[in-house]
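Trainee: Structural data only, the sequence is not supplied:
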């Protein structure tokens with residue numbers, strides 16, 4: 001059970017990391033477009 005919980009936590013962190021990187025690239029592209 002503890003291993004599964006740890007896996008879920010890592011997955012959530014990974015998804016959030018990916019989301020923030022995507023957002024950063026999006027803002028960078030907007031600045032470039034300006």
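Mentor: On my side now, so go ahead. Here the structure is a predicted model, which means the values were calculated and not measured.
Trainee: roughly how far is stretch 27-34 from the heart of the chain?
Mentor: Remark: stretch 27-34 is offset 19 Å from the chain centroid, using Cα atoms, centre = their mean, to the nearest Å.
Trainee: I'd like the average pLDDT over it.
Mentor: Throughout stretch 27-34, pLDDT has a mean value of 90.
Trainee: what does stretch 6-15 give?
Mentor: Averaging pLDDT along stretch 6-15 gives 93.
Trainee: buried set for that stretch?
Mentor: For stretch 6-15, the buried set under the neighbour-count rule, 16 or more other Cβ atoms under 10 Å, is empty. C-beta coordinates here come from the backbone N, C-alpha and C atoms, glycine included.
Trainee: where along this structure do the helices fall?
Mentor: 2-33 (DSSP state H).
Trainee: what's the distance between stretch 11-24 and the middle of its chain?
Mentor: Chain-centre distance of stretch 11-24: 0 Å, with Cα atoms, centre = their mean.
Trainee: Actually, stretch 3-16.
Mentor: When distances are taken as Cα atoms, centre = their mean, stretch 3-16 is centred 12 Å away from the chain's centroid.
Trainee: ok, residues contacting it?
Mentor: Under the contact criterion Cβ atoms under 8 Å, 6 or more residues apart in numbering, stretch 3-16 has no outside partners.
Trainee: And residue 7, how close does it get to residue 16?
Mentor: According to Cβ to Cβ, to the nearest Å, residue 7 stands 15 Å off from residue 16.
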